[in-house]
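Trainee: quick check, what structure comes out for this input:
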Amino acid sequence: MDLNSATWRKSSHSGTQGGSECVEVGDFHETIAVRDSKDLDGPKLIVTRGAFAVLVAELKR
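Mentor: Below is the predicted model of the structure:
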């Protein structure tokens, strides 16, 4: 899957609490991709929009 055309955005918590760890979320058609912002060419987690919504809801609890 070629994710070059995905629209990537950083986590809103990027750089908070003195850390530099960050993930980016890419909007790609019917899927969501997650990657490490320090390793743009590294592995990506690809999930459906529904699965990502469930993940985010669980993280907010």
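Trainee: contacting residues for the spatially most central residue of the chain?
Mentor: Residue closest to the mean C-alpha point of the chain, counted by CA atoms, centre = their mean, is V25 at 2.4 Å. By CB atoms under 8 Å, 6 or more residues apart in numbering, V25 lies in contact with 8-9, 11, 32-34. C-beta: built from backbone N, CA, C; applies to glycine.
Trainee: need the buried ones from those selected in PyMOL.
Mentor: The following PyMOL line selects those of the contacts of V25 that are buried, judged by 16 or more other CB atoms under 10 Å:
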select buried, resi 32+33+34
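Trainee: any chance of a markdown table for the contacts of V25, columns pLDDT?
Mentor: Shown next, in a markdown table, are those (pLDDT from 0 to 100):
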| residue | pLDDT |
| --- | --- |
| W8 | 89 |
| R9 | 89 |
| S11 | 70 |
| I32 | 93 |
| A33 | 92 |
| V34 | 91 |
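Trainee: would TSV of the contacts of V25 with secondary structure be doable?
Mentor: Converted to TSV, the contacts of V25 look like this (DSSP: H, G, I helix; E, B strand; the rest coil):
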residue	secondary structure
W8	strand
R9	strand
S11	coil
I32	strand
A33	strand
V34	strand
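Trainee: quick one: average pLDDT of the host helix or strand of the residue nearest to the centre of the chain?
Mentor: V25 belongs to strand 23-28 when assigned by DSSP states H and E. On average, the pLDDT along strand 23-28 is 88.
Trainee: paired strands for that strand, with orientation please.
Mentor: strand 7-10 (antiparallel), strand 31-36 (antiparallel) (DSSP bridges).
Trainee: contact partners of the shortest one?
Mentor: The contact list for strand 7-10 (CB under 8 Å, 6+ apart) reads 22-28, 35, 37.
Trainee: can you give me the neighbour number for V54?
Mentor: Using other CB atoms under 10 Å, V54 has 12 other residues around it.
Trainee: chain center to whichever strand or helix holds it, what's the gap?
Mentor: Using DSSP H and E, V54 falls within helix 49-60. In this view, helix 49-60 has its centroid 12 Å away from the chain centroid, taken as CA atoms, centre = their mean, to the nearest Å.
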